[in-house]
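Colleague: The sequence and its predicted three-dimensional model are supplied below.
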Amino acid sequence: MERVSNLKTQPRENTTNGWLNGLIGVVIFSGSLPATRVAVLEFDPVFLTVARATIAGVLALCLLWLFKEKRPTRGQLLPLIIVAMGVVVGFPLLTALALQYVTSAHSIVFVGLLPLATAVFGVVRGGERPRPVFWFFSVLGSLLVVGFAVSQGLTASPEGDLLMLAAILACGLGYAEGAKLSRTLGGWQVICWALVLSLPVMALLTLWLTPVSFSGISMPAWFSLGYVSLFSMLIGFVFWYRGLAQGGIAAVGQLQLLQPFFGLALAATLLHEQVSIGMLAVTVAVILCVAGAKKFAK
């Protein structure tokens, strides 16, 4: 009887732990754009991208060595490269470039499309046939984001909005590929191996792009670099992929819908950026569209 009782309670514990780990991951990711916004005010965006990847890559290499993780197979290398191009290089670089033109509060509205992008790439990669209602919510959410960008003056800064859209597509592809790969390679191992594969190039670029002097860099900028390197690039993924493995990708993945709310709160409190009622309304509307799309994804 005791053994049967343990078998019944264990799945519940795993599900609860999965939601908790996933929530921690989302909270960590929510600070990425505000921290990047602070960092690009004093660091070159390309240097910021390669430096954060190098710092996280060195730590990932130490973790893999410490736990004596097996090397990925030849068939897993291409998916790992896609993950690296999406979440190690693509999203950090494109957002860093975008945040030279737009505020973090403005960019966070685009992050509301990230779960949708992940779902779309998941559908494409998985070969599923979603219902027509899924595509209705997908198109509606995209139109809301484009309409918001136009209302905020897209012609004044098209670079920032286009870069953010490209960043969301890159990250969505990286998330979907990483979630699929985590089933065979392991959760946190996926991001660690992606960082290690990127490390040689990122380290060389860091040395090449290192400024002659860091005398003018303030403590908030250094703190932001440390945050996006340790938390956004590595620690957040440890909790995120662990949560997906414990609670299920489809279920725990919906926690991403909370990320814009957390991000807007951080932008308003830490950076004192203005968060308008319209911006909140669009964020809520996009989240509802993403929720509807994910509901009818299968």
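Modeller: Perfect, thanks for sending it. All values derive from a computational prediction rather than experimental measurement.

Colleague: Quick one: low-confidence residue ranges for the protein.
Modeller: 1-13, 125-128, 149-150, 152-156, 249-251, 294, 297-298 (pLDDT under 70).

Colleague: cutoff 50 now
Modeller: The chain contains residues with pLDDT under 50 at 1-9.

Colleague: what's the closest non-adjacent residue to Thr103?
Modeller: Using Cβ to Cβ, 6 or more residues apart in numbering and skipping the chain neighbours, the partner closest in space to Thr103 is Glu273 (5.1 Å). Every residue, glycine included, has its C-beta placed from N, CA and C.

Colleague: cool, and Gly292?
Modeller: Excluding its sequence neighbours, the residue lying closest to Gly292 (Cβ to Cβ, 6+ apart) is Phe137, at 3.9 Å.

Colleague: Also Gly247?
Modeller: The shortest distance from Gly247 to any non-neighbouring residue, by Cβ to Cβ, 6+ apart, is to Gly18 (2.2 Å).

Colleague: secondary structure element for the one you found?
Modeller: Using DSSP states H and E, Gly18 sits within helix 2-30.

Colleague: name the helices or strands packed onto the helix or strand that that helix is followed by?
Modeller: Scanning forward in sequence from helix 2-30 by DSSP H and E, the next helix or strand is helix 32-40. Applying 3 or more Cβ pairs under 8 Å, 6 or more residues apart in numbering; DSSP states H and E, one finds that helix 32-40 makes contact with helix 45-66, helix 91-98, helix 104-111, helix 219-227, helix 259-270.

Colleague: Now do the buried residues in the longest one.
Modeller: Yep, that's helix 45-66 we're talking about. The neighbour-count check on helix 45-66 (16 or more other Cβ atoms under 10 Å) flags 45, 47-60, 63-64 as buried.

Colleague: do the fourth one as well
Modeller: With burial defined by 16+ other Cβ under 10 Å, the residues of helix 219-227 counted as buried are Ala221, Ser224, Leu225, Tyr227.

Colleague: Run through the neighbouring helices and strands of that helix.
Modeller: Secondary-structure packing of helix 219-227 (3+ Cβ pairs under 8 Å, 6+ apart): helix 32-40, helix 45-66.

Colleague: ok so, going back, next one: the residue nearest to Gly292 from Pro115, what distance?
Modeller: Taking Cβ to Cβ, to the nearest Å as the measure, Phe137 falls 11 Å from Pro115.

Colleague: got it, and Leu23?
Modeller: Plainly put, Leu23 is 15 Å away from Pro115 if you go by Cβ to Cβ.

Colleague: Looking only at neighbour counts, state which of those two leads.
Modeller: Using other Cβ atoms under 10 Å, the more surrounded residue of Leu23 and Pro115 is Pro115, with 27 against 17.

Colleague: Which one, of the helices and strands packed on helix 32-40, ends up nearest to Leu163?
Modeller: helix 91-98 (3.7 Å; Cβ to Cβ).

Colleague: now the closest one against helix 32-40, angle please.
Modeller: Helix 91-98 and helix 32-40 are oriented at 60 degrees to each other (axes from the mean of the first three to the mean of the last three Cα atoms, to 10 degrees).

Colleague: What angle do helix 45-66 and helix 91-98 make with each other?
Modeller: Interaxial angle, helix 91-98 versus helix 45-66 (the same axes, to 10 degrees): 160 degrees.

Colleague: what about Met85, neighbour count?
Modeller: If you count neighbours by other Cβ under 10 Å, Met85 ends up with 18.
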